[in-house]
Every structure is written in structure tokens, then in C-alpha cells.
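Enquirer: sequence plus the predicted model coming up.
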Amino acid sequence: MRADTVVWSRPIARVVLVAAALVAAAAAHAELLEEIRFVRAEAPEAPVPEADRLRFAPPRATAPPSLDGRLDEAVWQEPSAYLGAFRLGLSATPARHAREAWAAYDDDYLYFAVRLEREPGTELRVLTLEDDDSAVWEDDEVEVFVDPFSTGSEYFQMIVNSAGVLYDAGHVIVEVPDPGGAGPGDMKLERRSDDAWSSGVRRAVLVEEEQWTVEMALPLASVGLAGAPAGHELGINLTSADWDTEEYTCLSPTSNWHDPRQFGVMTLGEPRLAVDEIDLSGVGPGRNLMRLDVRHLSGPGGEYRLSLTLEAPGQWLQRSTDFTLPEGGRREVGLVFDVQARQGAWSARIDITDAAGAAVFATRRTGALPGPMTVRLGSRATLADGPPVPVTARLGVGRLTARGLTLVARLVDQAGTLAAEQEIGRVEGPVLSAVMPVKGLRPGLYRLEIAAMGEEGVVAAGDDLLRVAASPFAEAGP
């Protein structure tokens with residue numbers, strides 16, 4: 001039975017827990033649920049702490065560099081253009097063949113340069129000769145990863161080998177319920193790739209006896225950064241495969257090239273505001289709350305506008321709120337919004353503009369609506385004298401909607417007879433964890449139903465089945 005289509009045998013919003021009914025149920029089943037706890041579902045943690053991510057502030061190019069692989073333009077000589085040397089994974093061990101990178105930007109492009117040492121007299125490995133072939137990663141190559149809005153979930157990848165062959169793709173990592181987990185509160189990260197995305201990147205490769213060099217010009221528009229505000233932060237990493245030394249190396253320390261949470265952080269110019277935290281967790285049907293911790297950094301203080309644009313299946317919404325931030329000040333800004341979609345992926349754009357309408361901050365977020373309610377038993381079958389069965393339930397409604405809900409649990413046998421009923425109380429978190437005693441239950445098939453109740457009745461409901469078998473050691477009847 002679908003979690004959002006559970007049919008209750010009577011309008012539970014008007015159910016009165018009559019003492020006689022509970023006494024009758026208690027005779028067969030002392031407690032429906034025990035050890036009830038409400039917890040927040042935790043997203044997988046980033047393997048690299050925020051403090052360990054490299055930070056870069058490349059220069060603005062007054063003139064675009066020539067793409068010839070020579071790196072003799074003035075912008076590449078500026079100290080801030082130098083990003084550093086590549087290393088092995090998360091360690092500080094440098095690549096055996098030196099690899100160094102530089103970056104710069106202007107209003108239209110991000111520029112990258114990588115110089116790679118090679119073994120004299122040994123041919124560079126080139127097996128891929130056509131663009132858009134992902135197998136190019138098996139060549140001697142350079143890869144550029146860009147998370148344009150530092151989302152930790154949406155990023156772009158470009159690979160160039162020594163023959164100038166290009167593969168590019170867009171990737172989105174979404175957090176979705178894990179059907180293989182122990183309970184509905186378990187989440188996993190799922191990567192979805194778009195090989196059809198085209199970067200429009202211009203590139204040049206220069207191969208010399210002891211080194212080879214790649215220069216790239218990535219259009220800002222291709223990654224959504226056209227008109228980005230001054231001080232915009234993006235995630236960045238550069239990596240390389242070296243088949244002479246059989247090493248995969250990276251600029252920013254990483255255990256997984258496809259984990260944008262481990263990318264370095266690049267700042268394009270001087271920011272006016274810093275957003276230290278964005279809480280857009282638990283997006284679900286109903287009323288939701290987004291919170292930002294905003295800090296003033298430079299320029300005059302004044303009036304600002306926070307805007308949220310959210311897309312979900314069958315829904316597009318835009319909400320905004322105005323706030324004041326004095327020079328050197330800091331404050332938390334909240335924005336309430338309603339979601340009508342019940343399941344599927346969502347994407348959000350978050351922008352802050354000043355009183356003149358100029359952008360001062362922009363970022364993006366993605367996620368998945370988990371469905372209004374899922375219920376899972378730790379076991380689908382047990383013995384009548386067995387231990388209590390673990391129960392978990394995940395409530396996937398909006399944060400503000402959840403605050404006004406009460407949970408009610410019922411146990412129904414296969415004949416539709418109510419075996420037990422219990423009001424759990426107010427929702428205190430998106431995941432409920434408990435155990436259900438089974439001693440005293442007659443053998444048979446039971447359905448555990450949990451519903452979230454609001455003033456209008458059932459807001460979300462879910463169920464799961466449990467088969468109770470007689471104990472093989474039970475005493476025989478007369």
C-alpha cells in the first residue's frame with residue numbers, strides 16, 4: 001500500500017481514546033510502541049572538514065591570455081594567479097612529476113592553465129581521439145571541476161588530453177531515501193550525470209620534451225555565472241592522470257574526485273556579504289522555512305532583499321523578504337514558503353540584492369521530496385514470544401507544517417480489527433524511532449499504521465506489515 005494512500009477505517013481526527021477500548025486492547029497487547037525517540041535525519045558528512053579546503057583568490061585579467069600553452073602573458077605572472085602544486089589524494093605527498101596550476105577571470109571567462117612534467121623520450125598516452133568520449137580519462141589528461149554556486153551537489157567536469165580532445169558533463173548529487181537502509185530515516189547520495197551538457201570551453205595544448213601545458217577559457221555563461229556578483233564563491237578542483245608514474249593527482253586534497261564538498265573555494269573579487277550558513281533542510285509538502293546567517297563585510301550597510309525561487313514537480317514559486325544589515329553587522333534572516341508537490345526532485349535559487357537591485361550574493365540548492373510518510377519495521381516476520389520489533393517512520397512534510405502535527409499509531413489485524421491504538425504526541429523531528437512489543441499478539445498478519453494529524457485531519461500516513469507466527473516451543477492447548 002502506498003504511504004500516501006493509507007485508508008483509515010474511521011476519521012481518526014475525531015477518534016476518542018475510550019478507556020474501555022484501551023483496556024480491551026491491553027489485555028492482548030500491553031503497549032503498542034515503547035522507547036519512542038524523535039531524531040533528525042543526518043546527511044552524509046563531508047570527508048574533508050571545511051577548514052581544510054583550499055581557498056583561492058585569482059586576479060581579474062585586464063587582457064585575456066592568448067591560448068597557446070606558453071603562459072608568458074602578464075596575468076600568469078601575478079602571484080595570486082598561482083593555485084599551487086598537485087598532490088596525491090588527501091595526503092601532502094606531491095606528484096612525482098610536477099603539476100602546477102594557475103587561474104584568472106574577467107567578465108566573460110574563467111581561465112585555467114596547468115603545466116605538467118613528463119618523462120622525456122616517452123610518448124604521452126592518447127587513446128581517445130574524438131570529443132565527448134568519456135574514456136578520455138584513461139589518457140594522460142587534465143580535469144577541471146567547477147561547482148559554480150558552492151552547492152556541494154551540482155557541478156561540471158571538463159577533461160582534456162594532450163591531443164586537445166575534450167569531454168565535458170554536468171553532474172547533480174541528490175540526497176534521497178535509502179531503500180536498503182535500516183529505516184526510513186536513512187539517506188544516500190545519488191549522482192545523476194548529463195553527458196549532453198556542452199561547456200563551450202576553448203583550449204590549447206602545447207607538448208614539449210619535458211613538459212606539456214594546457215590552457216583553457218571557460219565561458220561563465222555556460223556554468224550560470226554570467227553577471228555573478230563581486231566576491232562570488234565557487235567550488236573548484238583540478239586533477240590529472242599521469243600514466244608514466246601511474247598517479248592520479250589533484251590540486252585540492254580529495255578522496256573522491258566527484259565529491260564537490262571537497263573542492264577548493266575560489267572567490268572572484270571582493271564580497272560585500274558573507275552567508276555563513278544556509279538552512280534549507282527538510283523541504284517537504286506544506287509550509288517550510290529557509291534560514292540564512294548573513295554577515296556584512298564591505299561597503300555601506302543598508303537594505304537588502306532575500307529571494308528564493310524554487311522548482312518542484314508541477315510547481316514553480318518565488319518568495320522574497322527585505323532585511324536591514326548595518327555596516328559590520330550580522331543577522332539571521334528567515335523566509336517562509338509553501339510546497340504543494342509531494343514527491344520528486346526540487347531545485348532552488350537563492351539570491352540577495354541591494355537596494356539598487358544589484359546582486360551581492362547568489363547560490364543554488366537541490367534536493368528530493370521524500371514523500372509525506374514512510375514507515376518501516378525492522379522485521380517483516382517474528383515469533384509470538386520474540387523480542388520487540390524496531391519501528392522507524394520518516395515524516396516528509398515541511399518544517400513549519402510538522403510543528404503543528406500529532407502522531408497516532410494503530411495496529412490492525414488481517415480481519416481489520418483494531419488490536420491497539422496509541423497517541424504518540426507532538427512531532428519533534430522528521431524521524432521517529434521506537435520498538436513494538438509482540439508478546440501477547442495472536443499469530444497472524446498485522447498492519448502497523450502511523451498517521452500525522454493536523455487540525456484538518458490526516459496530513460500524512462504510512463504503514464508496514466508484520467507476520468506473527470506461533471512459537472515452536474509454545475505449550476500445546478488442551
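Expert: Everything's here; your move.
Enquirer: can you tell me the strand partners of the helix or strand hosting residue 237 and which way each runs?
Expert: Assessed by DSSP states H and E, residue 237 sits inside strand 232-242. Next to strand 232-242 in the sheet, as set by DSSP bridges, lie strand 141-147 (antiparallel), strand 247-250 (antiparallel), strand 264-268 (antiparallel).
Enquirer: off-centre distance for the second one?
Expert: By that I understand strand 247-250. 26 Å (Cα atoms, centre = their mean, to the nearest Å).
Enquirer: same question for stretch 126-144.
Expert: Distance of stretch 126-144 from the chain centroid (Cα atoms, centre = their mean) equals 28 Å.
Enquirer: just the residues contacting that stretch, thanks.
Expert: Applying Cβ atoms under 8 Å, 6 or more residues apart in numbering, the contact partners of stretch 126-144 are 112, 114, 116, 118, 124-125, 157-163, 165-169, 195, 212, 214, 216, 218, 236-244, 257. All C-beta spots, glycine's among them, are computed from the backbone N, C-alpha and C.
Enquirer: in helices, which of those appear?
Expert: Assigned to helices by DSSP state H, none of the contacts of stretch 126-144 qualify.
Enquirer: for residue 354, find the nearest of the strands paired with strand 232-242.
Expert: Of all these, strand 264-268 sits nearest to residue 354, with 17.7 Å by Cβ to Cβ.
Enquirer: for the strands paired with strand 232-242, which one ends up most surrounded?
Expert: For the strands paired with strand 232-242, average neighbour numbers computed from mean count of other Cβ atoms under 10 Å are highest in strand 141-147, which has a mean of 25.
Enquirer: just the CA trace of that one, in CSV.
Expert: The C-alpha trace of strand 141-147 is given here as CSV (Å, rounded to 0.1, in the frame of the first residue of the first chain):
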residue,chain,number,x,y,z
GLU,A,141,44.9,14.2,-19.1
VAL,A,142,43.8,17.2,-17.1
GLU,A,143,40.4,17.6,-15.5
VAL,A,144,38.7,20.8,-14.3
PHE,A,145,35.8,20.5,-11.8
VAL,A,146,33.6,23.6,-11.2
ASP,A,147,30.8,23.8,-8.6
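Enquirer: quick one: the helices in the stretch 1-150 of the chain, in order.
Expert: Assigned by DSSP state H, counting those that start in this stretch, the helices in the stretch 1-150 of the chain fall at 19-28.
Enquirer: okay, now the unreliable bits of it?
Expert: Applying pLDDT under 70 to the stretch 1-150 of the chain flags the ranges 1-30, 41-51.
Enquirer: the same query, at a cut-off of 80, please.
Expert: Within the stretch 1-150 of the chain, the ranges that satisfy pLDDT under 80 run 1-31, 40-52.
Enquirer: got the buried residues for stretch 165-175?
Expert: Neighbour counts over stretch 165-175 (16 or more other Cβ atoms under 10 Å) mark 165-175 as buried.
Enquirer: give me the mean pLDDT for it.
Expert: On average, the pLDDT along stretch 165-175 is 91.
Enquirer: so residue 303 touches residue 324, yeah?
Expert: Yes - assessed by Cβ atoms under 8 Å, residue 303 is found in contact with residue 324 at 5.8 Å.
Enquirer: so what sits against both of the two?
Expert: Common neighbours of residue 303 and residue 324 (Cβ under 8 Å, 6+ apart) do not exist.
Enquirer: which residues touch residue 81?
Expert: By Cβ under 8 Å, 6+ apart, the neighbours of residue 81 are 58-59, 75, 102-104.
Enquirer: which residues does the nearest residue to it once chain neighbours are set aside contact?
Expert: Using Cβ to Cβ, 6 or more residues apart in numbering and skipping the chain neighbours, the partner closest in space to residue 81 is residue 102 (4.6 Å). Shown in contact with residue 102 (Cβ under 8 Å, 6+ apart): 58, 71, 76, 81-83, 112-114.
Enquirer: let's have the strands paired with strand 232-242 in TSV, adding distance to residue 386.
Expert: Below are the strands paired with strand 232-242 laid out as TSV (distance: least, Cβ to Cβ, whole Å):
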stretch	distance to residue 386
strand 141-147	49
strand 247-250	50
strand 264-268	52
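Enquirer: residue 231 is nearest to which of the ones you listed?
Expert: For residue 231, the closest of the strands paired with strand 232-242 is strand 264-268, at 6.1 Å, according to Cβ to Cβ.
Enquirer: quickly list the domain ranges of this structure.
Expert: The record's domain parsing of the chain by automatic domain parsing lists 3-42+372-469, 50-268, 286-370.
Enquirer: gap between the second one and the chain center?
Expert: Here domain 50-268 shows a centroid-to-chain-centroid distance of 21 Å under the convention Cα atoms, centre = their mean.
Enquirer: residue 317 pairs with what?
Expert: Counting by DSSP bridges, the residues bridging with residue 317 are residue 310.
Enquirer: per-residue pLDDT, it?
Expert: Note on residue 317: pLDDT of 97.
Enquirer: what's the burial count for it?
Expert: By the criterion of other Cβ atoms under 10 Å, residue 317 has 15 neighbours.
Enquirer: so it sits against residue 309, correct?
Expert: Yes - between residue 317 and residue 309 there is a contact under Cβ under 8 Å: 7.4 Å.
Enquirer: adding distance to residue 329, write the contacts of residue 81 out as a markdown table.
Expert: Below are the contacts of residue 81 laid out as a markdown table (distance: Cβ to Cβ, whole Å):
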| residue | distance to residue 329 |
| --- | --- |
| 58 | 29 |
| 59 | 30 |
| 75 | 36 |
| 102 | 37 |
| 103 | 32 |
| 104 | 33 |
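Enquirer: most neighbours among those residues, which one?
Expert: Compared across the contacts of residue 81, residue 103 has the highest neighbour count, 27 neighbours, by other Cβ under 10 Å.
Enquirer: separation between that one and residue 261?
Expert: Residue 103 is 20 Å from residue 261, where distance means Cβ to Cβ, to the nearest Å.
Enquirer: also residue 412?
Expert: Residue 412 is 44 Å from residue 261, by Cβ to Cβ.
Enquirer: the strands in the stretch 1-150 of the chain, which residues?
Expert: Applying DSSP state E, counting those that start in this stretch to the stretch 1-150 of the chain gives strands spanning 34-39, 55-56, 82-85, 87-88, 99-105, 109-117, 141-147.
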